[in-house]
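# my questions are about this predicted structure, shown below with the sequence.
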Number of protein chains: 2
Amino acid sequence: MAAPLRIGYQGEPGAYSEAATRALFGDEVEAVPCDTFDQVFEQVESGAFDRGVVPVENSLAGSIHRNYDLLLQHTLHITAEHNLRVSHCLIAHPGARMEDLRHVYSHPQALAQCEQSLSALPGIEIHATYDTAGSVKMVKESGDLTAAAIASARAAEIYGMQVLVHQFEDEKANYTRFVAISREPATPAPGVEAKTTVAFAGVNRPGLLWRCLSAFALRDIDLSKIESRPLKGVPWQYVFYVDMGGASQEGPGKRALDQLREMTTFVRVLGTYARADSTLVDSEQGQGE
Amino acid sequence: MAAPLRIGYQGEPGAYSEAATRALFGDEVEAVPCDTFDQVFEQVESGAFDRGVVPVENSLAGSIHRNYDLLLQHTLHITAEHNLRVSHCLIAHPGARMEDLRHVYSHPQALAQCEQSLSALPGIEIHATYDTAGSVKMVKESGDLTAAAIASARAAEIYGMQVLVHQFEDEKANYTRFVAISREPATPAPGVEAKTTVAFAGVNRPGLLWRCLSAFALRDIDLSKIESRPLKGVPWQYVFYVDMGGASQEGPGKRALDQLREMTTFVRVLGTYARADSTLVDSEQGQGE
């Protein structure tokens, strides 16, 4: 029997990145936790991992620029995407009671996303940590019945802890977009709706971006994301990130990229992959979907 | 004598937001610390504050979407901008020695920006907190000579603490863009280079953004920032944020916005203000610049 694929993600077991890994690759793969995003990229590049799974944007917090930087720094390819509904649980020891809680631990972003729910709990002390699932582990090891963590239902399950409140987040429309990265590019099967992520830059003058976007607009190509970002070390110059409908290898998508190259100093296709179903997948639901 | 202007900012005294407040309004105003960005907006809107100062983007971490949301939710105006160079110090008690340090406290973003510097200190335990300046206050109150915080030089000064290392950040090109918000719009003086921040949205179809940008490109108007963001509660619809050169009240800027209104369902001018000097101001240097 072939060895299972090894897929790297950042965080502890039970992290949202692990849920995204399962949603993208199923339960048969070996999902390997890493301390940092850098490690995920390095291990995929070196061949130690077959794939990596990293978040690129959150619907409330915006783009995760660190991972866009790492995509530019490494010669890897985006081969798939997944939109994960982020649903936080308030998690404590089995037998712990809401009215006894005095401390809540989680990542600052998760704490911020549960601000109103937390303010409804009187006399609670809030503690910021590095990781959602790691906070559950910490509360578990402390043995403290007055402490709780905010993390996924899956993290509660892994550490044998109790979910006191499901959907603890203030805003239910909270999802994170993850991408799979690989040493080899993907070619979506015929009939599958493709999507391509491109980075480009050009000499900054009025109308630059408009001329670049004409490559897509004149071919009726849909753009689902655009963002400008200062180019490191070059003041007042920008790199643009665009997600376009279609493949980079053929058809109007290929011709649009050819035109884009004429008008820019730098074009990098970060990957062509199947467009994720617009139905958002709930992190509390099974990974078998 | 007239009472000094009251300017709200988020954070403790010594926070980078306070430095931006001083850089924008000088030392004569009353800078009022607030717990949250929401409070800054609410108090300006109610008239309790004359102005507010909030960060909108960081060169490493990207846009601070919470404040773009708050700009849309409130009927306030951006009246000024300032680029603050973020320079972190490692701060401990007077008499504390580098070799005795065991704990470092700061906001997770500041910790991440000093990752390499921190990894050069062996045997250090790292603790995430809510606030940079607040961490200095905490270390001060603990009396612990083995603890340090990462924050601005100004925070060290305010709490009578010692700077062990200046420029502790890994990447020196780290700056945050702050804007001033007010109940009344500003009109930049004649001869001052103006800049305008606009939010807009339209019915999503291929080429929408390109048609919108033609309003600026056909008039040679420079765009210094563009970003798309999912519209809350409306899946697969986007709001675009653009910073354009020029004023919204007259000339090509006004005509571009008129054309933009024809092609969109929603246009909101968030403010016209004097373009900040492209020379970045160092947070460690005086506020008198």
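Perfect, I can see it now. Residues are numbered from 1 along each chain as shown, chains lettered A, B, ... in the order given.
# which stretches of the stretch 101-250 of chain A form strands?
Remark: strands assigned in the stretch 101-250 of chain A by DSSP state E, counting those that start in this stretch are A:103-106, A:125-128, A:147-151, A:162-165, A:175-182, A:194-201, A:223-230, A:238-245.
# out of these, deepest packed?
strand A:147-151 (a mean of 29; mean count of other CB atoms under 10 Å in any protein chain shown). Where C-beta positions appear, they are placed from N, C-alpha and C, glycine not excepted.
# whether that strand contacts chain B - can you check?
No - Strand A:147-151 lies out of reach of chain B by CB under 8 Å from any CB of the partner chain, never closer than 13.9 Å.
# packing partners for that strand?
strand A:89-92, strand A:103-106, helix A:108-113, helix A:132-142 (3 or more CB pairs under 8 Å, 6 or more residues apart in numbering or on different chains; DSSP states H and E).
# for the second one, give me every contacting residue.
For strand A:103-106, the external contacting residues (CB atoms under 8 Å, 6 or more residues apart in numbering or on different chains) are A:88, A:90, A:111, A:114, A:118, A:121, A:124-129, A:132, A:135, A:138-139, A:144, A:146-151.
# at 10 Å instead, please
The contact list for strand A:103-106 (CB atoms under 10 Å, 6 or more residues apart in numbering or on different chains) reads A:88, A:90-92, A:110-114, A:117-118, A:121, A:124-136, A:138-139, A:142, A:144, A:146-151, A:168.
# returning to that earlier point: in a markdown table: the strands of the stretch 101-250 of chain A, plus mean pLDDT and distance to A:P33.
Shown next, in a markdown table, are the strands of the stretch 101-250 of chain A (pLDDT from 0 to 100; distance: least, CB to CB, whole Å):
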| stretch | mean pLDDT | distance to A:P33 |
| --- | --- | --- |
| strand A:103-106 | 92 | 18 |
| strand A:125-128 | 79 | 21 |
| strand A:147-151 | 97 | 14 |
| strand A:162-165 | 97 | 22 |
| strand A:175-182 | 94 | 15 |
| strand A:194-201 | 95 | 25 |
| strand A:223-230 | 83 | 28 |
| strand A:238-245 | 91 | 27 |
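# can you convert those strands into a markdown table and add a column each for distance to B:G160?
Converted to a markdown table, the strands of the stretch 101-250 of chain A look like this (distance: least, CB to CB, whole Å):
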| stretch | distance to B:G160 |
| --- | --- |
| strand A:103-106 | 30 |
| strand A:125-128 | 26 |
| strand A:147-151 | 34 |
| strand A:162-165 | 43 |
| strand A:175-182 | 42 |
| strand A:194-201 | 47 |
| strand A:223-230 | 37 |
| strand A:238-245 | 42 |
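# figure out which of the ones you listed is closest to B:V203.
Counting by CB to CB, B:V203 lies closest to strand A:223-230 out of these; the figure is 14.3 Å.
# now that closest one - C-alpha only, PDB.
Extracted in PDB, the C-alpha atoms of strand A:223-230 (Å, rounded to 0.1, in the frame of the first residue of the first chain):
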ATOM      1  CA  LEU A 223     -12.400  39.100 -11.100                       C
ATOM      2  CA  SER A 224     -13.400  37.900  -7.700                       C
ATOM      3  CA  LYS A 225     -10.600  39.600  -5.700                       C
ATOM      4  CA  ILE A 226      -8.200  42.500  -6.200                       C
ATOM      5  CA  GLU A 227      -5.700  44.000  -3.800                       C
ATOM      6  CA  SER A 228      -2.800  46.400  -4.100                       C
ATOM      7  CA  ARG A 229       0.100  46.000  -1.700                       C
ATOM      8  CA  PRO A 230       3.300  48.100  -1.300                       C
END
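# how far off centre is it?
Offset of strand A:223-230 from its chain centre (CA atoms, centre = their mean, to the nearest Å): 16 Å.
# quick one, the longest helix seen in chain A and strand A:238-245 angle?
The helix that spans the most residues within chain A, counting by DSSP state H, is helix A:251-263. Angle, helix A:251-263 to strand A:238-245, by axes from the mean of the first three to the mean of the last three CA atoms, to 10 degrees: 170 degrees.
# of the contacts of strand A:103-106, grab the buried ones for PyMOL.
Per 16 or more other CB atoms under 10 Å in any protein chain shown, the buried members of the contacts of strand A:103-106 correspond to this PyMOL selection:
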select buried, chain A and resi 88+90+91+92+110+111+112+113+114+117+118+121+126+127+128+129+130+131+132+133+134+135+136+138+139+144+146+147+148+149+150+151+168
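# still on that earlier bit, which helices and strands does the longest helix of chain A pack with?
Contacts defined by 3 or more CB pairs under 10 Å, 6 or more residues apart in numbering or on different chains; DSSP states H and E place helix A:251-263 against strand A:194-201, helix A:208-217, strand A:238-245, strand A:266-274.
# how about the ones you listed in TSV, adding distance to chain B?
Below are the helices and strands packed on helix A:251-263 laid out as TSV (distance: least, CB to the nearest CB, whole Å):
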stretch	distance to chain B
strand A:194-201	13
helix A:208-217	4
strand A:238-245	8
strand A:266-274	17
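# tabulate those (JSON lines), appending distance to A:L60.
Formatted as JSON lines, those follow (distance: least, CB to CB, whole Å):
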{"stretch": "strand A:194-201", "distance to A:L60": "21"}
{"stretch": "helix A:208-217", "distance to A:L60": "26"}
{"stretch": "strand A:238-245", "distance to A:L60": "19"}
{"stretch": "strand A:266-274", "distance to A:L60": "23"}
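# which strand residues bridge the residue nearest to the spatial centre of chain A?
Most central in chain A under CA atoms, centre = their mean is A:P55, positioned 1.6 Å from the mean C-alpha point. Assessed by DSSP bridges, A:P55 has beta-bridge partners A:F178.
# so the closest residue to A:V269 other than its chain neighbours versus chain B, what's the distance?
Nearest residue to A:V269 in three dimensions, chain neighbours excluded: A:S248, at 4.7 Å (CB to CB, 6 or more residues apart in numbering or on different chains). Noted for A:S248: a distance of 17 Å to chain B, by CB to the nearest CB, to the nearest Å.
# quick one, phi psi at A:S248?
Backbone torsions for A:S248, taken as degrees, to the nearest 10, come to phi -90, psi -20.
# now do the contacts for it.
Neighbour list for A:S248: A:185, A:187, A:194-198, A:254, A:256-257, A:267, A:269-272 [criterion: CB under 10 Å, 6+ apart].
# tell me which two in those residues are the farthest apart.
Across the contacts of A:S248, the longest distance by CB to CB is 19.2 Å; it joins A:T187 and A:V267.
# those two: who's more crowded?
More crowded of A:T187 and A:V267, by other CB atoms under 10 Å in any protein chain shown: A:V267, with 18 against 15.
# now the residue nearest to A:G47 when sequence neighbours are not counted: phi and psi?
Once flanking residues are discounted, A:G47 sits nearest to A:R183: 7.3 Å by CB to CB, 6+ apart. With angles defined as degrees, to the nearest 10, A:R183 sits at phi -70, psi -30.
# how close does A:R183 sit to chain B?
Distance of A:R183 to chain B, given as CB to the nearest CB: 26 Å.
# how many neighbours does that residue have?
16.
# so it sits against A:L76, correct?
Yes - contact criterion CB atoms under 10 Å: A:R183 and A:L76 qualify, at 6.3 Å.
# who touches both of those two?
Taking CB under 10 Å, 6+ apart as the contact rule, the neighbours common to A:R183 and A:L76 are A:44-45, A:51.
# tell me the one of the residues you listed nearest A:N174?
Nearest to A:N174, judged by CB to CB, of the shared contacts of A:R183 and A:L76 is A:R51 at 25.3 Å.
# for that closest one, what are its contacts?
Counting by CB under 10 Å, 6+ apart, A:R51 makes contact with A:5-9, A:21, A:24-25, A:29, A:40, A:44, A:76, A:79-80, A:180-184.
# now with 7 Å, please.
By CB atoms under 7 Å, 6 or more residues apart in numbering or on different chains, the contact set of A:R51 is A:5, A:7, A:44, A:180-182.
# now A:H77
A:H77 makes contacts with A:181-182, A:184-186, A:271, as judged by CB under 7 Å, 6+ apart.
# got the contact list for A:F41?
Residues near A:F41 by CB under 7 Å, 6+ apart: A:52, A:70, A:74, A:76.
# ok, for the last one, nearest residue in space, not its chain neighbours?
If you skip the residues right next to it in sequence, A:L76 has A:I181 as its closest partner in space, 4.5 Å away by CB to CB, 6+ apart.
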